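Novice: Sequence below, structure please.
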Amino acid sequence: MSNTDSFEEVVKTRREEKFAEFDTTEKGVLQKFHHALHTNTALVPLIVLLAAILVFGLILGEKFFSPFALTLILQQVQIVGVLAAAQSLIILTAGIDLSVGAVAVLCSVIMGQFTFRYGVPPFFAVLLGLAFGTAIGAVNGWLVSKVKLPPFIVTLGMWQIVLAANYLYSANETIRSQDIEAQAPFLQAMGTTVKLGGANLTFGVILMVILVLVLAYALRSTAWGRHVYAVGDDPESAKLAGVNVHKTLMSVYMLVGFICGLAAWVMIGRFGSVSPSATTGVIGNIQAITAVVIGGISLFGGRGSILGSFFGALIVGVFELGLRMAGADPQWTFLLIGVLIIAAVTVDQWIRKVTA
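Specialist: Numbering: from 1, shown residues only. Model (predicted):
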């Protein structure tokens with residue numbers, strides 16, 4: 001009897017020691033910091049953004065903190081910001097979309113060509129561009145969800161198809177800014193400037209901010225958002241839990257196509273013209289993925305925040321404007337952004353390793 005009592009006491013003592021040890025590590029500074037990063041994925045890019053603004057502010061002085069400089073950053077990143085919001089949704093489902101930039105350019109061409117070639121009112125031409133982007137997204141989603149093709153392969157092929165269709169359909173014709181301003185100013189509506197305090201903001205910037213806030217709310221506070229995270233984390237487990245994986249993926253890819261259409265409208269407002277050779281078709285994908293990665297969204301899917309992607313886009317804009325104002329070689333921008341990308345993926349790996 002006494003042996004049994006002593007055995008139980010030993011077991012109890014060891015359990016208490018383990019619990020005590022567990023509690024001690026949980027209360028450590030490193031663990032608290034890790035927990036904060038794990039639960040608030042937008043925290044790291046926000047810290048980097050504020051630090052970058054502070055450093056360039058100290059170097060450049062008041063001219064960097066002027067309303068003109070800060071709003072110029074927003075205007076520079078408005079297209080990338082919208083595309084990054086679209087890319088974020090795909091990456092949250094553990095996929096990647098290499099066609100967002102090309103789809104945006106094609107949608108802008110459709111808006112312009114339907115207005116000037118076929119005489120469609122600009123309002124309806126914009127709607128057609130949005131519908132066309134949504135349709136391309138539906139094709140991508142169907143191939144990924146039903147045919148079970150890898151998202152990388154599907155969107156790589158779609159990128160090539162869309163680029164070719166873009167040049168073939170437009171006959172490489174650019175619609176000039178003067179013609180749009182004279183005959184179809186609604187196409188340039190996203191470039192209209194409004195004053196808010198001492199800042200000059202375009203409708204494109206306002207659209208970008210509203211889009212980010214709406215998507216952030218939808219992902220955080222709706223059943224659809226929880227389904228998106230669940231599919232990205234583990235589609236098989238999500239299916240067993242009652243999530244319609246096919247419906248969720250289709251909704252994500254179609255929404256991404258629609259957002260590419262919005263980016264097209266913002267693009268016309270930003271550049272003024274409609275050009276099938278716009279660089280967004282080629283580098284827009286890389287810029288969007290860069291903003292998403294720096295923004296802390298995991299490339300493995302299932303974790304991240306749209307706000308983080310927005311901060312990531314702003315970080316790129318701050319570095320570009322700050323280095324330009326400082327008179328530095330533009331290559332420093334690429335170098336620093338490359339370092340940030342590697343650092344962001346390293347932090348993501350560290351968070352995953354610690355939680356495992």
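Novice: which residues does the residue nearest to the spatial centre of the chain contact?
Specialist: Against the mean C-alpha coordinate of the chain, by Cα atoms, centre = their mean, the closest residue is A84 at 2.4 Å. Contacts for A84 (Cβ atoms under 8 Å, 6 or more residues apart in numbering) come out as Q287, A288, A291, V292, G295, S309, F310, G312, A313. Heads up, the C-betas are built off the backbone N, CA and C, glycines and all.
Novice: Extract the C-alpha set from stretch 324-336 and format it as CSV.
Specialist: Below are the C-alpha coordinates for stretch 324-336, written out as CSV (Å, rounded to 0.1, in the frame of the first residue of the first chain):
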residue,chain,number,x,y,z
ARG,A,324,14.8,58.1,-55.1
MET,A,325,14.6,61.3,-52.9
ALA,A,326,17.9,60.4,-51.3
GLY,A,327,19.5,60.2,-54.8
ALA,A,328,20.6,56.6,-54.3
ASP,A,329,21.1,54.1,-57.2
PRO,A,330,17.7,52.4,-58.0
GLN,A,331,19.4,49.0,-57.7
TRP,A,332,19.5,49.5,-53.9
THR,A,333,15.7,49.2,-54.0
PHE,A,334,15.9,45.7,-55.6
LEU,A,335,18.7,44.7,-53.1
LEU,A,336,16.7,45.7,-50.0
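Novice: what comes into contact with that stretch?
Specialist: Residues from elsewhere that reach stretch 324-336, judged by Cβ under 8 Å, 6+ apart: F56, I59, L60, K63, F64, A69, F319, E320, L323.
Novice: quick one: buried residues of it?
Specialist: Going by neighbour count (16 or more other Cβ atoms under 10 Å), the buried part of stretch 324-336 is T333, L336.
Novice: all helices for the stretch 101-250 of the chain, in order.
Specialist: Using DSSP state H, counting those that start in this stretch, the helices of the stretch 101-250 of the chain run over 122-145, 151-170, 177-183, 203-221, 223-233, 235-240, 245-271.
Novice: Show me how far the shortest one is from its chain's centre.
Specialist: Okay, so that is helix 235-240. Offset of helix 235-240 from its chain centre (Cα atoms, centre = their mean, to the nearest Å): 25 Å.
Novice: which other helices and strands contact that helix?
Specialist: Under the contact definition 3 or more Cβ pairs under 8 Å, 6 or more residues apart in numbering; DSSP states H and E, helix 235-240 sits against helix 223-233, helix 245-271.
Novice: The longest one packs against which elements?
Specialist: With contacts defined as 3+ Cβ pairs under 8 Å, 6+ apart, the secondary structure elements packing on helix 245-271 are helix 67-92, helix 100-116, helix 122-145, helix 203-221, helix 223-233, helix 235-240, helix 280-294.
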